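J.: Here is my input, please return the structure:
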Amino acid sequence: MQIKNDIKEKIVIKNSGLKEPAKIKTDHVFRQSLFEEELPQADGMDMSIIDALASPVFVYGIDGAFLAANKAFCDFFQINPEDIFIGSLNVKSFSKFKNENCRFYDENLLIDRETAKFHFSCTKENGDISWFEAFKKPLVWKSRDDTMLCVLSDVTESKMEKERLACLLAKEKEKSSTKALLISMISHELKSPLNVILSVSELNEMYSETMCKKNKEKNLGMIKSSISRINSILCDVSLLNQIGLEGIVPNMCDVNIRLFCEGIVEEAKESNKKNGDIFLEFHNASKTMIKADEKILRHVLLNILSNAIKYCGPEYIINFDVFVKNDEITFKVKDDGIGISSADIPHIFNAFYRAGNSGNKCGSGLGLYIAKTFTQLHGGSIAVQSEPGAGTTFSVAIPLP
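T.: I've put the predicted structure just below:
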């Protein structure tokens, strides 16, 4: 390719101030001297120099054509040295650079005789990704003053290490943020039941002799309810700590799914004093024995049923459907409660998140987060469908071994 006269003239002018060659002993010195302008800039820069380097090195002209490449370059990119010799490869269209070609070919660098450095990735034939730091510098190659030298330094390990450290740092920041939210939540959620216990205890103490039996029983019930709420909060905090620090491994055992679900329904109704009913129905349930962690599964379903009752009216109606297949079991809980807005749905499984219409309902904001985590420990998934004022349906699907 013929070089434009104006470009060639500028290159010659820039070349006039270049330094004499320096002896290159190692790849490190070679890259360092690349920026110090100590590289050979005459015919002394030949294949014997670049072939001695372990790093991939290549030279190309202003037209983009490869002029030379050392063995390390040919081996890594799996090309035939003969293709370079006959001039069939061009840096502008070299497929191994994976669309990074424009970063290698820069006519302005050739004109201005400047050095450049950048990072790029390369995908090998086996799918592995390697990262390189590329050093580019114009030089004189075999009497041609329109050429560019490029040295590639494999930085895959250091990049992976940086990504690993960045990931660890992000996790530590998340842990720190979670701890702060946890302390704030505990402080906020425990204040109310503790105040109830203190106030009612003081009333009983002040009017113990004159208070009727009915009021005493009522106050005692308020104390028990507050203690139960505190216990629930502490249980969620303990589970969160176990998930975050120790990890939980499911203890798979035989579970009679019919008796198991009937027990959960009774437990949910007993723990909530509203008037209502939960209709349990099994579909395709010829298989009654499954393998599952009974404790984990109970926590997931009890949390969903308790939430359904909590956010329904005084007289609730909840449908609890169980679908058993050979490879999966699905639990669906449908209520006629206040529903969840579309803006809240993407966030309801996040720790400490509470929907905007939850009002003054008690809760730690951890229940659904723990339910999702436990479901995933079983290799399953949890989903929700809801509209404000039209109720909510939670679906928990768990694969069967």
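
J.: Mind checking which residue lies nearest the centre of the chain?
T.: Ranked by distance to the mean C-alpha position of the chain (C-alpha atoms, centre = their mean), the top residue is Cys167 at 9.4 Å.

J.: so which strand or helix has Ile329?
T.: Using DSSP states H and E, Ile329 falls within strand 328-334.

J.: Can you list the strands that that strand pairs with?
T.: strand 315-324 (antiparallel), strand 392-399 (antiparallel) (DSSP bridges).

J.: for the stretch 201-350 of the chain, what are the low-confidence residue spans?
T.: 236, 240, 242-248, 285-287 (pLDDT under 70).

J.: Extract the CA atoms of the strand or helix carrying Ile309 and return them as PDB.
T.: Element membership of Ile309 [criterion: DSSP H and E] is helix 294-310. Listed next in PDB are the C-alpha coordinates belonging to helix 294-310 (Å, rounded to 0.1, in the frame of the first residue of the first chain):
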ATOM      1  CA  GLU A 294     -38.700 -30.800  57.100                       C
ATOM      2  CA  LYS A 295     -37.500 -28.000  59.300                       C
ATOM      3  CA  ILE A 296     -36.500 -25.700  56.400                       C
ATOM      4  CA  LEU A 297     -39.600 -26.400  54.400                       C
ATOM      5  CA  ARG A 298     -41.800 -25.800  57.500                       C
ATOM      6  CA  HIS A 299     -40.200 -22.400  58.000                       C
ATOM      7  CA  VAL A 300     -40.800 -21.400  54.300                       C
ATOM      8  CA  LEU A 301     -44.500 -22.400  54.200                       C
ATOM      9  CA  LEU A 302     -45.300 -21.200  57.700                       C
ATOM     10  CA  ASN A 303     -43.900 -17.800  56.900                       C
ATOM     11  CA  ILE A 304     -45.900 -17.500  53.700                       C
ATOM     12  CA  LEU A 305     -49.200 -18.700  55.300                       C
ATOM     13  CA  SER A 306     -48.600 -16.400  58.300                       C
ATOM     14  CA  ASN A 307     -48.100 -13.400  56.000                       C
ATOM     15  CA  ALA A 308     -51.200 -14.300  54.100                       C
ATOM     16  CA  ILE A 309     -53.200 -14.300  57.300                       C
ATOM     17  CA  LYS A 310     -51.500 -11.100  58.500                       C
END
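
J.: mind listing what's buried in stretch 392-401?
T.: Using 16 or more other C-beta atoms under 10 Å as the test for burial, stretch 392-401 gives Thr392, Thr393, Phe394, Ser395, Val396, Ala397, Ile398, Leu400. Heads up, the C-betas are built off the backbone N, CA and C, glycines and all.

J.: ditto for stretch 283-298
T.: Neighbour counts over stretch 283-298 (16+ other C-beta under 10 Å) mark Ile290, Ala292, Asp293, Glu294, Ile296, Leu297, Arg298 as buried.

J.: With respect to Leu203, which of these is nearest?
T.: The closest of the buried residues of stretch 283-298 to Leu203 turns out to be Arg298 (C-beta to C-beta; 36.8 Å).
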